[in-house]
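Peer 1: let me see the structure of the following:
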Amino acid sequence: MNIQSSEAEVAGQRDFRQYIASTFCATIAMMIQSVAVAWQVYDITRNPLALGYVGLFQFLPLAIFALPAGALADRIDRRAMLAISYVVQAACSALFVAMALETPHNLMPFYAVLTLFGTARAFAAPASQSLLPRLVPEERFPRAVALTSSTRQTGVITGPALGGAIYLLGPAIAYGSCLVFFSAVAILIATLKVRTIAAPRTAGSSRLEHITAGIAYIRRKPVILGAISLDLFAVLLGGATALLPIYARDILHVGPMGLGLLRSAPALGAATLGLTLARRPLGERVGMTMFACVAGFGISTIVFGISRNFALSLASLIVLGASDMVSVYVRLSLVQLATPDAMRGRVSAVNYLFIGASNELGEFESGVTASWFGTVPSVVIGGIGTLIVVGLWMLAFPDLRDVNRLSDVIPE
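Peer 2: Model prediction:
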């Protein structure tokens with residue numbers, strides 16, 4: 001019995017390492033592709049609103065498919081669902097390669113492929129997030145979240161800088177490298193030995209009730225609702241990543257390599273803090289720590305917005321990323337620990353819908369406000385808005401504010 005238990009533990013560690021490797025490769029591919037698309041789109045149009053549409057066309061399929069994808073993740077093999085989604089993402093990279101081999105003048109093909117890419121991500125996210133708790137024991141889950149997030153952020157550090165360097169060889173080379181990475185991720189996920197157990201459909205529930213059960217559950221858990229909505233509005237208002245090509249080209253004058261470094265800076269702060277959290281998880285006053293760090297995110301956004309010094313801009317983005325890492329760590333831990341396994345796919349889908357709104361829709365918001373008010377004022381206004389949200393959420397969600405330890409939160 002002890003031998004079987006030991007073998008199971010070794011297998012679980014192997015699968016977790018494989019999951020971590022797939023996370024790193026997928027992040028590298030997404031970052032390279034993000035840099036290539038952003039630079040190419042802005043190079044063609046020189047219009048900040050075009051960069052906003054890059055985020056919008058990735059968000060729209062997320063808004064449409066996130067909830068059905070979460071319901072599907074609770075009914076089928078999450079591993080297979082995740083692998084298929086990465087096959088589709090690899091196909092999107094192949095389409096970008098084909099477009100890059102010509103001289104593009106029309107952005108609609110870019111937006112069409114980004115829509116397909118966003119659809120694949122909508123199905124990948126709930127499958128990935130709800131698969132992780134199956135790979136580690138519950139008592140190790142917060143550390144696994146920190147390690148996974150840190151690994152992802154390490155990819156965000158290296159990916160944009162690598163993408164900026166590869167882009168100098170041509171956009172087709174950049175997109176081709178993404179194709180290789182996404183294909184490798186699909187293989188890593190498909191060969192995981194751990195298979196999820198599909199949850200039976202709740203007796204007497206309609207298909208619509210099954211799909212929307214994640215929303216109903218979150219509404220009953222103010223700690224989860226407060227955490228994910230705080231992240232939504234903070235990043236929606238304070239996110240300036242969509243405007244980094246403008247800062248790199250027109251404000252800081254640092255070119256594609258500088259853009260890669262700017263894109264990597266938040267991840268450097270996040271990865272460093274993530275590794276620290278993996279070794280020393282948050283102890284007490286988790287809720288207040290989360291609010292303080294989101295406020296730090298807003299202040300760092302303001303500093304970045306007004307900076308004209310490349311070193312100061314990088315430093316502010318590093319602090320921004322470290323602050324955001326705490327929010328990610330607390331939010332993901334709360335969402336999974338406070339949710340029963342049979343509901344994790346649907347709850348994770350709602351969580352990803354919120355986060356996707358804050359990221360992709362936030363890029364669109366940044367592009368629109370930059371076209372209205374100018375690049376620098378839009379970033380500064382967003383940072384101030386983040387600070388206002390922190391104050392309001394502290395009053396509106398006292399249960400989240402008063403969370404002491406992550407272990408205090410339990411599912412219904």
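Peer 1: list the contacts for the residue nearest to Cys92 when sequence neighbours are not counted?
Peer 2: Nearest non-adjacent residue to Cys92, counting by CB to CB, 6 or more residues apart in numbering: Phe117, 4.3 Å away. The C-beta positions use only the backbone N, C-alpha and C, and glycine is treated the same way. By CB atoms under 8 Å, 6 or more residues apart in numbering, the contact list for Phe117 reads Gln58, Val88, Gln89, Cys92.
Peer 1: mind checking how far Phe117 is from Asp74?
Peer 2: 24 Å (CB to CB, to the nearest Å).
Peer 1: show me where pLDDT drops low in the stretch 251-400 of the chain?
Peer 2: For the stretch 251-400 of the chain, applying pLDDT under 70 flags the ranges 341, 355-365.
Peer 1: I'd say Tyr53 and Ser371 touch.
Peer 2: No: counting by CB atoms under 8 Å, Tyr53 does not reach Ser371; the two are 11.1 Å apart.
Peer 1: so which of these two has more stuff around it?
Peer 2: Tyr53 (21 against 16; other CB atoms under 10 Å).
Peer 1: now do the SS call for Ala124.
Peer 2: helix (DSSP: H, G, I helix; E, B strand; the rest coil).
Peer 1: wait, it touches Tyr86, no?
Peer 2: Yes: between Ala124 and Tyr86 there is a contact under CB under 8 Å: 6.7 Å.
Peer 1: how close does Leu132 get to Asp15?
Peer 2: From Leu132 to Asp15 the distance is 10 Å (CB to CB).
Peer 1: my error: substitute Leu101 in the last question.
Peer 2: 38 Å.
Peer 1: more neighbours: which of those two?
Peer 2: Using other CB under 10 Å as the criterion, Leu101 and Asp15 rank with Asp15 on top: 19 against 12.
Peer 1: the more buried one and Ile189 touch, don't they?
Peer 2: No: counting by CB under 8 Å, Asp15 does not reach Ile189; the two are 10.4 Å apart.
Peer 1: any chance of the backbone angles for Tyr111?
Peer 2: Main-chain dihedrals, Tyr111, degrees, to the nearest 10: phi -70, psi -40.
Peer 1: contact partners for the closest residue to it other than its chain neighbours?
Peer 2: Here the nearest residue to Tyr111 in space, its sequence neighbours aside, is Phe57; by CB to CB, 6+ apart that works out to 4.5 Å. When contacts are counted by CB under 8 Å, 6+ apart, Phe57 touches Tyr111, Leu114, Thr115, Gly118.
Peer 1: would you mark the buried spots in the one helix or strand Phe57 maps to?
Peer 2: Remark: Phe57 resides in helix 48-73, with elements defined by DSSP states H and E. By 16 or more other CB atoms under 10 Å, the buried positions in helix 48-73 come out as 48, 50-62, 65-73.
Peer 1: and the helix or strand following it, average pLDDT?
Peer 2: Once helix 48-73 ends, the next helix or strand along the chain (criterion: DSSP H and E) is helix 78-100. Across helix 78-100, pLDDT averages out at 92.
Peer 1: and helix 78-100, how far out from the chain middle?
Peer 2: Offset of helix 78-100 from its chain centre (CA atoms, centre = their mean, to the nearest Å): 17 Å.
Peer 1: in this protein, which helix is the longest?
Peer 2: In the chain, taking DSSP state H as the definition, the longest helix is helix 2-45.
Peer 1: that one packs against which elements?
Peer 2: Counting contacts by 3 or more CB pairs under 8 Å, 6 or more residues apart in numbering; DSSP states H and E, helix 2-45 is packed against helix 48-73, helix 78-100, helix 108-131, helix 141-167, helix 171-190, helix 244-246, helix 255-279.
Peer 1: TSV for those, including distance to Ala292?
Peer 2: Listed next are the helices and strands packed on helix 2-45 as TSV, based on distance: least, CB to CB, whole Å:
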stretch	distance to Ala292
helix 48-73	28
helix 78-100	34
helix 108-131	25
helix 141-167	18
helix 171-190	35
helix 244-246	26
helix 255-279	13
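Peer 1: winner for burial among those?
Peer 2: Of all the helices and strands packed on helix 2-45, helix 244-246 has the most neighbours on average by mean count of other CB atoms under 10 Å, namely a mean of 25.
Peer 1: same for that one, what does it pack against?
Peer 2: When contacts are defined as 3+ CB pairs under 8 Å, 6+ apart, helix 244-246 packs onto helix 2-45, helix 48-73, helix 255-279.
Peer 1: one more time with 6 Å, if that's ok
Peer 2: helix 2-45, helix 255-279 (3 or more CB pairs under 6 Å, 6 or more residues apart in numbering; DSSP states H and E).
Peer 1: tell me which of these sits nearest to Gly170.
Peer 2: Nearest to Gly170 among the helices and strands packed on helix 244-246 is helix 2-45; the distance by CB to CB comes to 9.7 Å.
Peer 1: for Thr369, list the residues it contacts.
Peer 2: Counting by CB atoms under 6 Å, 6 or more residues apart in numbering, Thr369 touches Ser378.
Peer 1: repeat the analysis, applying 7 Å as the threshold.
Peer 2: Counting by CB atoms under 7 Å, 6 or more residues apart in numbering, Thr369 touches Ser378, Ile381.
Peer 1: tell me which element it falls in.
Peer 2: Using DSSP H and E, Thr369 falls in helix 362-373.
Peer 1: which other helices and strands contact the helix or strand following that helix?
Peer 2: Next along the chain after helix 362-373, taking DSSP H and E as the criterion, comes helix 375-396. Helix 375-396 is packed against helix 222-238, helix 286-306, helix 362-373, with contacts defined by 3 or more CB pairs under 7 Å, 6 or more residues apart in numbering; DSSP states H and E.
Peer 1: perfect, that will be all.
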